[in-house]
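Asks: got a structure for you, letters missing:
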């Protein structure tokens, strides 16, 4: 139960932080995979973004901050299609043998991204390996994210 409360608090913090930005079109949504949770992304320009993820998995709760560099594939495919790569860090808690331990580490991310042109919806598929300092790493972290784009005109 405490994990769900922490997830809701983290989501509200991300939404508040994203809505306070004045540039770009912030995106908020859900992440289905590892970790399962909330995602918020803000673009500084067409190629540079930051993403926050609050998620739960395998008796673990983490908050992750990522920088992402996006590369447009519209000329080769369809409008709104891109790929991205980036990295960042995370921290959280993990329950191991009935003991709660603090975890922290580094994350990488690489993925495909599609933003619909006619509606304010974004979909992405990514691989986000996480290396923890004090517990076993999570290298098989794949997910699909569905985001609503705020202020899209």
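Replies: Happy to help now that I have it. Model, not experiment: these values are computed from the prediction.

Asks: where do the strands of this protein begin and end?
Replies: Listed in chain order, the strands of the chain (DSSP state E) span 27-33, 36-43, 48-57, 60-72, 81-96, 99-115, 121-127, 130-132, 142-149.

Asks: in CSV: these, plus mean pLDDT and mean neighbour count.
Replies: Quick note: C-beta positions are derived from backbone N, CA and C, even for glycine. Formatted as CSV, the strands of the chain follow (pLDDT from 0 to 100; neighbours: other Cβ atoms under 10 Å):
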stretch, mean pLDDT, mean neighbour count
strand 27-33, 98, 19
strand 36-43, 97, 22
strand 48-57, 97, 21
strand 60-72, 97, 19
strand 81-96, 96, 17
strand 99-115, 96, 16
strand 121-127, 98, 18
strand 130-132, 95, 19
strand 142-149, 97, 18
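
Asks: name all residues that make contact with residue 45.
Replies: residue 24 (Cβ atoms under 8 Å, 6 or more residues apart in numbering).

Asks: one more: residue 69?
Replies: 47-48, 84-86 are the contacts of residue 69 under Cβ under 8 Å, 6+ apart.

Asks: residue 91 reaches residue 106, doesn't it?
Replies: No: using Cβ atoms under 8 Å, residue 91 is not in contact with residue 106, being 10.9 Å away.

Asks: so what's residue 111 closest to, chain neighbours aside?
Replies: Excluding the flanking residues, the one nearest residue 111 by Cβ to Cβ, 6 or more residues apart in numbering is residue 126, at 2.9 Å.
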